[in-house]
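In: Sequence and computational prediction follow.
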Amino acid sequence: DAKTTQPNSMESNEEEPVHLPCNHSTISGTDYIHWYRQLPSQGPEYVIHGLTSNVNNRMASLAIAEDRKSSTLILHRATLRDAAVYYCILRDVRTGANNLFFGTGTRLTVIP
Amino acid sequence: EPEVTQTPSHQVTQMGQEVILRCVPISNHLYFYWYRQILGQKVEFLVSFYNNEISEKSEIFDDQFSVERPDGSNFTLKIRSTKLEDSAMYFCASSPTGTGLAPQYFGPGTRLLVL
């Protein structure tokens, strides 16, 4: 799987937007960009995924650079419940089994 | 909303003992996974399972580990002879398909402590 690079940690004030960056300069044309998060003492949780176009769902938005070498997960209004480790993971749509390879992610701290 | 469940939430065992961790995946999902997370470390893939057989396994998943779907609803991970280094959180996950498009849905985990 292609590698991603994320900052180790970020902070945000509650109710402000958060932009979590991810670099994936070696992404291939068949790699989807997935984001998961892990709240304290819980299992990972799917957030969003995309290929080329920006994506929105009830949890977040995903902005993908035109060259696809980077992406940004956007939380529009951070809440205390959004404090978690966020993982950016590339998944090749051609491969079966869909195994996820987690890096160290970005630990988001939300300040009340 | 359907969710993956895991039992027990905590398990304490003596080194050398066998443990079985249980998972109930989401009912219409076809692919099943086990991951583990040693305290303070990354989430690591162990094994994926489809159509009653292992699809892929990592180097961690050695002969001491086995998986089974005994009754069409449960998915189990067995560790035959536990070692101290098996102490970790074990997460089960399921997905509707096996492509790179399908999200995986994780359970809350079983915390295993080997003494």
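Out: Here it is on my side, so go on. Numbering: from 1, shown residues only, chains lettered A, B, ... in the order given.

In: Kindly tell me how buried A:Lys3 is, as a neighbour count.
Out: When neighbours are counted by other CB atoms under 10 Å in any protein chain shown, A:Lys3 registers 12. The way it works is simple: take the backbone N, C-alpha and C, and place the C-beta from them, glycine included.

In: Any stretches of chain B with poor pLDDT?
Out: The model of chain B has pLDDT under 70 over residues B:100.

In: quick one: contacts for the spatially most central residue of it?
Out: When CA atoms, centre = their mean is applied to chain B, the residue found nearest the centroid is B:Trp34 (3.0 Å). The contact partners of B:Trp34, taken as CB atoms under 8 Å, 6 or more residues apart in numbering or on different chains, are B:21, B:23, B:46-47, B:67, B:77, B:90-93.

In: Can you name the residues bridging to the residue most central in space within chain A?
Out: The residue lying closest to the centre of chain A (CA atoms, centre = their mean) is A:Trp35, at 3.4 Å. Beta-bridge partners for A:Trp35, by DSSP bridges, are A:Ile48, A:Cys88.

In: quick one: contacts for it?
Out: A:22, A:46-49, A:60, A:62, A:73, A:86-89.

In: repeat that with 10 Å
Out: A:20, A:22, A:45-50, A:55, A:59-60, A:62, A:71-73, A:86-89, A:105 (CB atoms under 10 Å, 6 or more residues apart in numbering or on different chains).

In: Let's see which of these end up in helices.
Out: In helices, judged by DSSP state H, none of these are found.

In: Show me just the buried residues among the residues you listed.
Out: A:20, A:22, A:45-50, A:55, A:60, A:62, A:71-73, A:86-89, A:105 (16 or more other CB atoms under 10 Å in any protein chain shown).

In: Just the element for the residue nearest to A:Ser9 when sequence neighbours are not counted, please.
Out: In this structure, A:Ser9 finds its nearest non-sequential neighbour in A:Arg107, 4.5 Å apart by CB to CB, 6 or more residues apart in numbering or on different chains. Taking DSSP states H and E as the criterion, A:Arg107 maps to strand A:106-111.

In: At the contact with chain B, which residues of chain A appear?
Out: Chain A has residues A:1, A:30-32, A:34, A:36, A:38, A:41-49, A:51, A:85, A:87, A:89-105 near chain B, with proximity defined as CB under 10 Å from any CB of the partner chain.

In: ok, B:Gly109 to A:Cys22 distance?
Out: 25 Å (CB to CB, to the nearest Å).

In: for A:Gly43, that is, sorry about that
Out: Distance, A:Gly43 to A:Cys22, by CB to CB: 21 Å.

In: my guess is B:Glu85 contacts B:Ile38, does it?
Out: Yes. With contact defined as CB atoms under 10 Å, B:Glu85 counts as touching B:Ile38 (7.9 Å).

In: Who has more neighbours out of those two?
Out: B:Ile38 (13 against 10).

In: Can you report how many residues lie near the closest residue to that one other than its chain neighbours?
Out: Among residues not flanking B:Ile38 along the chain, B:Ala88 sits closest, at 4.5 Å (CB to CB, 6+ apart). Residues lying near B:Ala88 (other CB under 10 Å) number 22.

In: B:Ala88 contacts B:Arg36, correct?
Out: Yes. At 4.4 Å, B:Ala88 counts as touching B:Arg36 under the criterion of CB under 10 Å.

In: shared neighbours of those two, anything?
Out: By CB under 10 Å, 6+ apart, the residues touching both B:Ala88 and B:Arg36 are B:43-44, B:46, B:60, B:109-110, B:112.

In: Nothing else from me, thank you.
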